[in-house]
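Trainee: pasting a predicted model and its sequence here:
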Amino acid sequence: MTKPHVPLRLTVDLPAIQANWRWLDRMSGGAACGAAVKANAYGLGAEKVVKALLDAGCRDFFVTTWSEAQPILHLLENASLSLLHGVSREDVADVAAAPSGVRPILNSLQQIARWKEAAPGRPCDVMIDTGMNRLGLSPEEALSGALSGLDVDILLSHLASADEDVPQNERQLRTFETVASQVAVKRRSLSNSAGILLGSDYHFDLTRPGLALYGGIPRKEGQGHIRPAFKVEAQVVQRRTVRAGDTIGYNATFTAPRDMEIAIVNVGYADGYLRCFSNIGEARVAGETVPVLGRVSMDLTAVQVPVASSLDEGDWVEIQLDLPKASAQSGLSQYEVLTLLGSRYSRGTLVG
């Protein structure tokens with residue numbers, strides 16, 4: 001039996017991801033630049049992305065859990081991998097027996113006690129909560145002696161609002177500096193993609209970009225430097241003529257102002273192209289940007305066909321998902337636009 005044809009494709013631009021990492025590395029100044037490859041590299045494929053970033057020079061990677069680490073462990077002979085969610089009761093024994101470059105980021109007193117019992121003397125990382133109130137020890141817990149007996153490689157915290165110019169950024173910075181100056185650690189890390197662009201005060205020893213690697217623009221300083229890193233295309237299922245006054249799609253949210261040619265393409269909200277793109281999303285047809293017409297369905301979306309276009313059934317249409325623009329159009333965050341891309345795409349890569 002031949003491999004079934006898939007009428008959706010997602011192409012990952014690995015040279016663009018490498019170029020984005022190199023720019024972020026330069027922007028990190030004297031700090032090393034790592035990479036967040038959690039959520040399957042934000043949906044683009046962790047194994048391929050990690051290989052490309054290793055070739056670019058990245059040596060510090062971050063995933064959420066031990067289960068996310070599995071597909072990339074074999075790649076990391078000369079690199080480290082930190083588990084952002086720490087260690088649970090269920091996986092602590094496996095993490096303790098993992099290759100030496102794998103470290104849990106301990107987030108609570110319970111996790112610290114668990115790690116000390118399971119892996120005495122083995123290196124770990126530690127997260128400090130400096131005001132986000134998500135994961136991490138409080139500054140008081142960190143300075144209480146709880147870290148005694150731990151071999152801490154990276155002391156981390158996470159900026160809550162680095163994409164904005166708000167006082168919270170400096171408050172978190174000062175709190176992190178206070179804790180970091182009083183505990184024995186090898187490296188310190190505070191900045192995500194947006195944090196890198198806040199300036200050198202936020203860089204410390206290691207930065208850990210995520211979104212910007214994959215084409216997201218976390219702050220205006222990244223415009224013109226961060227390259228789009230993926231392309232989504234869908235095949236035309238049917239081309240049809242819509243007469244003036246006809247409506248398109250569920251609930252008749254679009255009425256044709258004149259006779260129009262439209263294409264029904266094989267993508268919808270089951271593929272992460274959500275209903276919020278109805279009547280505001282865009283596609284590329286024959287080199288021209290055209291609008292989405294009507295409501296996005298589960299598996300189908302209607303787009304306008306340029307008058308002179310020969311687009312027909314089986315032809316490919318590019319769905320415009322430039323992350324900043326798609327975010328502005330839809331009200332979704334750039335992170336959501338990226339990570340919602342579904343499992344029905346055939347996946348390919350551009351390589352250098």
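Mentor: The structure has been received and is ready for your questions. Numbers count the residues shown, from 1 in each chain.
Trainee: burial check on residue 203, number of neighbours?
Mentor: 22 (other C-beta atoms under 10 Å). For glycine as for every other residue, the C-beta is placed from the backbone atoms N, C-alpha and C.
Trainee: next one: residue 212
Mentor: 29.
Trainee: what's the answer for residue 265, then?
Mentor: 30.
Trainee: so how far is residue 302 from it?
Mentor: Residue 265 sits 8 Å away from residue 302 when distances are taken as C-beta to C-beta, to the nearest Å.
Trainee: just residue 230 next, same as before
Mentor: Distance from residue 230 to residue 302, counting by C-beta to C-beta: 23 Å.
Trainee: same check, this time on residue 255
Mentor: Distance of residue 255 to residue 302, computed by C-beta to C-beta: 13 Å.
Trainee: quick one: which of those two has more around it?
Mentor: residue 302 (26 against 13).
Trainee: how many other residues sit next to residue 108?
Mentor: Residue 108 has 17 nearby residues by other C-beta under 10 Å.
Trainee: wait, it sits on residue 88?
Mentor: No. Assessed by C-beta atoms under 8 Å, residue 108 is found out of contact with residue 88, at 11.0 Å.
Trainee: show me the contact partners of the lowest-mean-pLDDT helix or strand in the chain.
Mentor: Here the helix or strand of the chain ranked lowest by mean pLDDT, DSSP states H and E is strand 346-350, holding a mean of 93. Strand 346-350 is contacted from outside by 6, 8-16, 45, 48, using C-beta atoms under 8 Å, 6 or more residues apart in numbering.
Trainee: ok, 7 Å please
Mentor: Under the criterion C-beta atoms under 7 Å, 6 or more residues apart in numbering, residues 6, 8-15, 45, 48 lie in contact with strand 346-350.
Trainee: one more: stretch 61-75?
Mentor: 34-38, 46-47, 50-51, 54, 79, 81-85, 91, 94-95, 99, 102, 208.
Trainee: which of these fall in helices?
Mentor: Secondary structure from DSSP state H places 38, 46-47, 50-51, 54, 94-95 of the contacts of stretch 61-75 in helices.
Trainee: wait, which of those residues is closest to residue 121?
Mentor: Within these, proximity to residue 121 (C-beta to C-beta) peaks at residue 95, which comes in at 14.4 Å.
Trainee: which ones are touching the closest one?
Mentor: 66, 83, 87, 102, 104.
Trainee: need the max-distance pair from those.
Mentor: The largest distance within the contacts of residue 95, taken as C-beta to C-beta, falls between 87 and 102 and amounts to 10.5 Å.
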